[in-house]
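Engineer: Quick one: sequence and predicted model below, then my questions.
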Amino acid sequence: MIEAHQINFDQPVPIFPLPNCMLLPHATVPLHVFEPRYRQMTKDVLDSHGLIAMATFDGDDWKTQYMGNPTVRDHVCVGYVVKHEELDDGRYNIWLQGVCRARIVEEIDHEPYRIVELDPTEPIPILEIDLSEQREQIEQMLNDPLLKEVSAINVIRNCLSIEISTAALIDLALMAVCETTDQRYRMLAEDSVRVRTRQLVRMLSDTRTSMSIAQRCGQTVDDDGVSLN
C-alpha cells in the first residue's frame, strides 16, 4: 500500500468511471474487469504505478454514450491495486484500495482508455489530538447497543481494535453507512474531516432513532430493514 504523498501528481492517471461504484480513501472495493479497454488499462497499471482513479458519471448521458467518453464528475478517489487475479480469458479481478481524494484538472486524449491530470484535494493531515473530540463521539456511537444490531456498523466497530487514524475510521464508516452513490460522492468531494464527522454522526444518529422507534412499535429490525441515512 502507498501513501498519498508518494503519488506523483505530475503524471496522468487512468480513470475507471462507473455509474454506481464509489470509492473512499482507506476503503477497498473488488472490481471485475471485462471490457477490452479496461483490460488494457489494468495491464498497463499493473506494469507501472498501480494507480487507478475511480470516477462516477455526471448525469445520465452515460446510458447512451457509455462506449464513448461520457461526462464524469470532477472529484475522484485515487486507488491502488492491492491484489489482482488475471483470468484465463484476459479478464481481471482486482481489489482497489482508496489512497486519497483528488480533482480532475484536465482529460488527456488517450486510447483505448481515459487518462486525466489530477490535483490532490486532501488537506494537510490533522493531528490525532486535534480530532480527539470527534474520535470519542464516533466511538460512542459505534458502541451504542442498538447499533450493534447492524452488521455494516459492526464491521466498522471491529476497526476500533486496531491502530487506525480518525480520518481513516471516518471514511471507512461513511463507506459503510452511505446508501447511495450521491451520498458517497458528497463525502468524497468534502475535504473537511470535521464536516465529514458531523455527517457521519448524523447518519448514525438517524439510524439509531429509526431502530428505537421500530423497537417501541414492536417491530423486528434487521439489517435490510434499517435505513442508514
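Structural biologist: Nice, thanks for sending it over.
Engineer: If Val33 is in a bridge, with which residues?
Structural biologist: Tyr92 (DSSP bridges).
Engineer: Roughly how far does it sit from Thr121?
Structural biologist: Distance of Val33 to Thr121, given as CB to CB, to the nearest Å: 26 Å. For glycine as for every other residue, the C-beta is placed from the backbone atoms N, C-alpha and C.
Engineer: And the two? Which one has more around it.
Structural biologist: Val33 (22 against 16; other CB atoms under 10 Å).
Engineer: for that one, what are its contacts?
Structural biologist: By CB atoms under 8 Å, 6 or more residues apart in numbering, Val33 lies in contact with 39, 41-42, 91-94.
Engineer: Next one, pLDDT for it please.
Structural biologist: According to the prediction, Val33 has pLDDT 97.
Engineer: following the one helix or strand in the chain whose mean pLDDT sits lowest, which helix or strand comes up?
Structural biologist: Least confident element among the helices and strands of the chain, by mean pLDDT, DSSP states H and E: helix 62-65 (a mean of 81). As assigned by DSSP states H and E, the chain's next helix or strand after helix 62-65 is strand 75-86.
Engineer: List the neighbours of the least confident helix or strand of the chain that are in contact with it.
Structural biologist: For helix 62-65, the external contacting residues (CB under 8 Å, 6+ apart) are 17, 19, 70-71.
Engineer: mind checking how far the residue lying closest to Gly59 once chain neighbours are set aside is from Asn93?
Structural biologist: Nearest-residue entry for Gly59: Thr71, 6.4 Å, with adjacent residues in sequence omitted and distances by CB to CB, 6 or more residues apart in numbering. Separation of Thr71 from Asn93 (CB to CB): 28 Å.
Engineer: okay, these two: which has more neighbours?
Structural biologist: Ranked by neighbour count (other CB under 10 Å), Thr71 and Asn93 place Asn93 first, with 15 against 12.
Engineer: Tell me, how many residues neighbour the residue nearest to the more buried one when sequence neighbours are not counted?
Structural biologist: Closest residue in space to Asn93, ignoring its immediate chain neighbours: Glu85 at 4.3 Å, by CB to CB, 6+ apart. Neighbourhood size, Glu85 [other CB under 10 Å]: 10.
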